[in-house]
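Engineer: Quick one: sequence plus predicted model below, questions after.
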Amino acid sequence: MFLGTHEPRLDEKGRLILPAKFRDELSAGLVITKGQERCLYVFPSAEFSTITEQLRQAPVTAKSARDYMRVMFAGAHDEIPDRQGRVTIPQGLRTYAGLEKECVVIGANTRVEIWDSTSWNKYLADREKGFAEVSEEVFPGLF
């Protein structure tokens, strides 16, 4: 499980240092792909394989399934972090997420998300009020 918020920077080569607490789970390999809200999703390779198997169950006749899989897989990049815990984010993915230098890396349960710092701060400010208001709807009886 990935938790927390971290603020690494992209270097001039488009590399990002993964938070130390995420490195063990990602050290065997990872997949970076486009996420919703113009962030990037980072999955451990094993988790990405599980997702791939689930997506294989979607009917190829469903246009929305085809569209989703095309965008997700066409933008995907697999990598093994180097000894310093760095991964290179390809230019196309950096452009998609608006990543330049200041980034936010968040733990999102089974995946890691990489956000442009300004985009994350705006997203969080826009959603925090609603977070408190919808907990009963999303998780009835849990809290």
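Structural biologist: Yes, it's here.

Engineer: can you count the residues close to E100?
Structural biologist: For E100, the neighbour count with other Cβ atoms under 10 Å is 13. Where C-beta positions appear, they are placed from N, C-alpha and C, glycine not excepted.

Engineer: My error: substitute K129 in the last question.
Structural biologist: Neighbour tally, K129, other Cβ under 10 Å: 9.

Engineer: Can you verify it is assigned to a helix?
Structural biologist: Yes - counting by DSSP: H, G, I helix; E, B strand; the rest coil, K129 is part of a helix.

Engineer: Quick check: bridge partners of the residue nearest the centre of the chain?
Structural biologist: The residue lying closest to the centre of the chain (Cα atoms, centre = their mean) is Y41, at 1.8 Å. Beta-bridge pairing of Y41 under DSSP bridges involves T33, E113.

Engineer: Any chance you could list what contacts the helix or strand of the chain with the lowest mean pLDDT?
Structural biologist: Every helix and strand of the chain was ranked by mean pLDDT, DSSP states H and E. The lowest is helix 117-138, at a mean of 84. Applying Cβ atoms under 8 Å, 6 or more residues apart in numbering, the contact partners of helix 117-138 are 7, 37-39, 97-98, 102-104, 106, 115, 142-143.

Engineer: before we move on, back to that, these two touch, right, the residue nearest to the centre of the chain and N109?
Structural biologist: No - using Cβ atoms under 8 Å, Y41 makes no contact with N109, being 11.4 Å away.
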